[in-house]
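**Student:** Pasted the sequence and its predicted model underneath.
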Amino acid sequence: MFDARLLTGVGVMAAVSEAGNFARAAEVLGLTPSGVSRAIARLEARVGVRLFDRNPRQVSLTEEGHRFHSQVIPLLTGLEEAAAEVSGAASAVRGRLRVSVDPWFARTVLAPKLQQFLARHPQLSLDLSTSNYREEMMTGIDVAVRFGPPDMSSFIVRKLLETQVVTVAAPSYLKRYGEPRSPHDLVHHEALLFRDPQSGLPFPWEFQRQGERMELKISSRLMLDDPSVAISACVAGQGIFQSLSIGLAPFLARGELVPILTDWSDEHYPLYAYHPSRHLPPAKVRAFLAFVEEVAKAAM
């Protein structure tokens, strides 16, 4: 038999997770803080695990709470969509859209165009977070955008584009050290390495030319986990960097960076979107993904 109190408890849990404490969640739900606390306690007793770590000022999801939250939020969203469809509002782009976007794409491509997106959809509000990491990237999120091969089969995955991988350096660096003429010359140069957020190891440098593929193990004194920081260091002449071409156009146009080893730049890297598995994604998700594809193609 279905226990309706379980659904009520899940709704309260979602509000507490979003608000950060019982008091703010109580204001949103129109309950007392003690009422929210009792609802969470009943839900924890029902599922048999502690869902929140509590202290006087805030509460946070436990590891089990994160897992439970990521599984039930898509179900709550599905209920909202069903209600909207019955009321004839399934095609309306409105409400709150929570997205998680790769930091490089968000800063260089998406952020300058957000005003345009919100102007198109005045009934929509956007909650945007940026992260290189994929762990729990869909927790409380409607749609995520990440570079790299897809690896989350429990979600709907959609390829948005492929962008070229290019090797760049600042004119000041090339003036001091000269320009490498082949990938093998890089062993004599300073490199800027980018850490793979999944493995913690630096991404290997790969070069492709007319079907020929070469992967080099590049050593460096500097490894970074934020591509924007890496580009800033590269512009300052710290070393050579291998980057995605999307978002680089302003740096190249201003002459701050120069592409090198261009005849070895046939490698491409994909950008994927992820959203919870359901028959039809909400109109707000479809609108966002269409906009992402639009601005990405313009930036290529």
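**Tutor:** Received, thanks. Numbering: from 1, shown residues only.

**Student:** Can you name the next helix or strand after the helix or strand harbouring T8?
**Tutor:** In the assignment (DSSP states H and E), T8 maps to helix 4-19. Next along the chain after helix 4-19, taking DSSP H and E as the criterion, comes helix 22-29.

**Student:** just checking, what packs against the helix or strand following that next one?
**Tutor:** Downstream of helix 22-29, the first helix or strand assigned by DSSP H and E is helix 33-47. Judged by 3 or more CB pairs under 8 Å, 6 or more residues apart in numbering; DSSP states H and E, helix 33-47 is in contact with helix 4-19, helix 22-29. In this view, the C-beta of every residue, glycine as well, is placed from N, C-alpha and C.

**Student:** Next, the angle from the helix holding T8 to helix 33-47.
**Tutor:** Counting by axes from the mean of the first three to the mean of the last three CA atoms, to 10 degrees, helix 4-19 lies at 120 degrees to helix 33-47.

**Student:** who touches helix 4-19?
**Tutor:** Contact with helix 4-19 is made by 22, 25, 27-29, 31, 36, 39-40, 42-43, 46, 51-52, 59, 61, 65, 68-69, 72-73, 75-76, 140, as judged by CB atoms under 8 Å, 6 or more residues apart in numbering.

**Student:** now do stretch 178-191
**Tutor:** 169, 173, 177, 205, 207, 214, 216, 218-222, 238-241, 260-261, 264.

**Student:** out of those residues, which are inside strands?
**Tutor:** 169, 205, 207, 214, 216, 222, 240-241, 260 (DSSP state E).

**Student:** Produce a ChimeraX select command limited to the buried residues of those.
**Tutor:** To isolate the buried ones among those in ChimeraX, judged by 16 or more other CB atoms under 10 Å, type:
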select :169,205,207,240,241,260
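
**Student:** Where is pLDDT lowest across the ones in strands among the contacts of stretch 178-191?
**Tutor:** Across the set of these, L216 stands lowest in pLDDT, at 87.

**Student:** What's the separation between the nearest residue to that residue once chain neighbours are set aside and L51?
**Tutor:** The shortest distance from L216 to any non-neighbouring residue, by CB to CB, 6 or more residues apart in numbering, is to W205 (4.9 Å). Distance check for W205 against L51: by CB to CB, to the nearest Å, it reads 44 Å.

**Student:** Pull out the buried residues from the lengthiest helix in the chain.
**Tutor:** The longest helix of the chain (DSSP state H) is helix 63-86. Buried positions in helix 63-86, judged by neighbour count with 16+ other CB under 10 Å: 65-66, 68-70, 72-74, 77, 81, 84.
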